[in-house]
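Participant: sharing a model prediction with you, sequence too.
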Amino acid sequence: TRRFFAAEWGAGVFMSTNAVAWTPAGTGLPAADVGRIAIGVQRNNPSLLYAFLTTTDGALRGVYRLDAIGGNWKNVQNVPDVLPGSQGTYDLAIAVDPADANRIYLGGDRTDSPPYPGSVWRCVVAPSGTAYRVASAASIGTHAHADVHVLVHTPDDPDELCQWYADRYEQM
């Protein structure tokens, strides 16, 4: 079954099988003080989603994981400081590793050290009680542009990640 996903500012994440009728994808996603939402899904596993949320003023609100459509969103704790400049209303991206659903890539506004390159992080997600946590995280955006809008893996190469910003992309 083909699935389409969409996120609406402050309203949540939605799913459709025909791109006409939309229903909430899961329950329990925060509703208060939610601004921009970026979503990530594995190409061959459309039942597992991640949502990367900001507050209405662009600060990090959280990362959440949905293991089954119609299930409950679970909080991913211990997320690195991906948005030190609180520009999440403009710079926000998430990608799920094509080969490992527990490895995600988060893109934000910049790092918090000169010369302020892109804030791109590779995170390993692990179960933690009834939720999840980032078990390890590494900054991989030291040569990336500071404005991170889209992160995408090169088809058939899970080891190559590209960043899109404005009208350009660069390999990482």
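Facilitator: Good, I have the coordinates.
Participant: hmm, His149 and Asp109 touching each other?
Facilitator: No. Contact between Asp109 and His149 fails when scored by CB atoms under 8 Å: they sit 10.5 Å apart. Bear in mind the C-beta positions are built from the backbone N, C-alpha and C, glycine included.
Participant: common neighbours of these two, please.
Facilitator: Taking CB atoms under 8 Å, 6 or more residues apart in numbering as the criterion, Asp109 and His149 both touch Asp91.
Participant: more neighbours: which of those two?
Facilitator: Asp109 (23 against 16; other CB atoms under 10 Å).
Participant: where does pLDDT dip in this protein?
Facilitator: Where the chain drops to pLDDT under 70, the residues are 111-113, 116, 163-172.
Participant: repeat the analysis, applying 80 as the threshold.
Facilitator: For the chain, the stretches with pLDDT under 80 are 1, 110-118, 141-150, 153-172.
Participant: ok, the residue sitting nearest the centre point of the chain - contacts?
Facilitator: Centrality entry for the chain: nearest residue to the mean C-alpha point is Ile94, 2.7 Å, by CA atoms, centre = their mean. Contacts of Ile94 were listed using CB under 8 Å, 6+ apart, and they are Ala38, Ile39, Gly40, Tyr50, Ala51, Phe52, Val63, Ile104, Tyr105, Leu106, Gly107, Leu151.
Participant: so which of those residues comes closest to Arg133?
Facilitator: Comparing the contacts of Ile94 against Arg133 with CB to CB places Val63 closest, at 10.1 Å.
Participant: give the contact list for the closest one.
Facilitator: Applying CB under 8 Å, 6+ apart, the residues contacting Val63 are Tyr50, Ala51, Phe52, Leu53, Asn75, Val76, Val79, Ile94, Ile104, Leu106, Val134.
Participant: so Gly108 makes contact with Ala144?
Facilitator: No. Taking contacts as CB under 8 Å, Gly108 lies outside contact range of Ala144: 10.6 Å.
Participant: please identify every residue contacting each of these two.
Facilitator: Joint contacts of Gly108 and Ala144 (CB under 8 Å, 6+ apart) are Gly118, Val120.
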